[in-house]
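Asks: Fold the following for me, if possible:
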Amino acid sequence: MKVFITGSTGFVGRHITRKLLEEGHEVVAGVRSLEKLRNLFGDSVRGIKLDFENRKEVFYVLNREKPDAVIHLIGILYELPSKGITFFKVHYLYTKYLVEASKNAGVRKFLFMSALGTHDLAPSWYHQTKKWAEKEVINSGLNYTIFRPSIILGPEQKLFYDMNKITKLLPVVALPDFGKYPFQPVDVRDVACAYAEALKNPETDRKIYELCGTKVVSFKELLSDIFSHWKRKVLMIPLPKSLMYIPAYILEKILEPPPFSRDQLRMMWKPNVCGALEDEAVKEGIKAICKRNPISYEESIKWSLEQFDIIFNR
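Replies: Below you'll find the model as predicted:
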């Protein structure tokens, strides 16, 4: 199968791309940096430099390539206003253009990366723009599968990089919501499995899947496991979420990107676990698609941090 993928050089994208190659798919990647793509995959992935803001260019590339399937992974966790990088543009417009181009090119299946917490009532701009993008996919007439993962564990997880960098300089971390906010981390290898299986399994057609792991952990527990692996003593200061909005506002004004933002605090409106929202999404996505239990949290965090240490020479 010929698969066109966006976000292939990102954290999750590189694992999905490797899985597609293992299964014998022809992979074409729309990217900003052809050099980064070559460094990761050599000649095994054909890259096309693509400006996703240019609707005509997106239409031209998809119509020329005519892939069987499209996997759309591009997303951001914070905005960079000085560079024109916004949730509206990256989450909504890029998806809208790619969906329209895919329909025009006769794409048989469109796989989209959304996020847990995405809902019409979500207070965060991040979740709202993800929801608008989901609606573009659903209402397009394309055959689709949408995925909503919890926090994804893997060697390239940005949280590891940020925590390693910050606590090396100052071993102190603030914990919003007193550190109690829950996650249900999912292994990136399980996410790659879900995408690869959804390409070939018609049972996944026109469905939304939540992707979670085996264990619910609080933010404090997750950080404790990270710092314990590094054998690093870090002072974690629990704070109510309400007290962090003013510091977040100030940091947004002086740093780009800020270490945390007001929108990220608003993203904590519901627990980041499967089943927190009563909607149409399939709640145990990994089990439903991969036909097995997810990789255990304990195995996932251990593998992720060991590989992180190797990759980043920690």
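Asks: quick check: mean pLDDT across stretch 302-314?
Replies: For stretch 302-314, mean pLDDT rounds to 91.
Asks: In it, which of the residues would be classed as buried?
Replies: Buried residues in stretch 302-314, defined by neighbour count with 16 or more other C-beta atoms under 10 Å: W303, S304, L305, F308. C-beta coordinates here come from the backbone N, C-alpha and C atoms, glycine included.
Asks: Surely the first one is in a strand?
Replies: No: counting by DSSP: H, G, I helix; E, B strand; the rest coil, W303 is not part of a strand but helix.
Asks: circling back: which one of the buried residues of stretch 302-314 sits closest to N143?
Replies: S304 (32.7 Å; C-beta to C-beta).
Asks: Please name the nearest non-neighbouring residue to the closest one.
Replies: L153 (4.6 Å; C-beta to C-beta, 6 or more residues apart in numbering).
Asks: Same check on Q128?
Replies: A122 (5.9 Å).
Asks: sec struct for the one you found, please.
Replies: A122 ends up coil, using three-state DSSP.
Asks: For it, give me its contacts.
Replies: If you count contacts by C-beta atoms under 8 Å, 6 or more residues apart in numbering, A122 has them with Q128, K131, R266, M267, W269, K270.
Asks: mind listing the helices for the stretch 151-300 of the chain?
Replies: 158-169, 188-200, 219-230, 245-254, 262-266, 285-290, 297-311 (DSSP state H, counting those that start in this stretch).
Asks: what's the weakest-modelled helix or strand in this structure?
Replies: helix 245-254 (a mean of 91; mean pLDDT, DSSP states H and E).
Asks: Buried residues in that one, which are they?
Replies: So, applying 16+ other C-beta under 10 Å, buried residues of helix 245-254: A248, L251, E252.
Asks: for that helix, the distance to its chain's centre please.
Replies: 24 Å (C-alpha atoms, centre = their mean, to the nearest Å).
Asks: Report the backbone C-alpha coordinates of it in PDB.
Replies: What follows is helix 245-254, C-alpha atoms only, in PDB (Å, rounded to 0.1, in the frame of the first residue of the first chain):
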ATOM      1  CA  TYR A 245      -2.300  30.900  35.700                       C
ATOM      2  CA  ILE A 246      -0.500  34.200  36.600                       C
ATOM      3  CA  PRO A 247       3.000  32.700  36.400                       C
ATOM      4  CA  ALA A 248       2.000  31.000  33.100                       C
ATOM      5  CA  TYR A 249       0.800  34.400  31.700                       C
ATOM      6  CA  ILE A 250       4.100  36.100  32.600                       C
ATOM      7  CA  LEU A 251       6.200  33.300  31.200                       C
ATOM      8  CA  GLU A 252       4.200  33.400  27.900                       C
ATOM      9  CA  LYS A 253       5.100  37.100  27.600                       C
ATOM     10  CA  ILE A 254       8.800  36.700  28.200                       C
END
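Asks: and the gap between I48 and V31?
Replies: 7 Å (C-beta to C-beta, to the nearest Å).
Asks: quick one, which of those two is more surrounded?
Replies: Neighbour totals were compared for I48 and V31, and V31 leads with 22 against 15 (other C-beta atoms under 10 Å).
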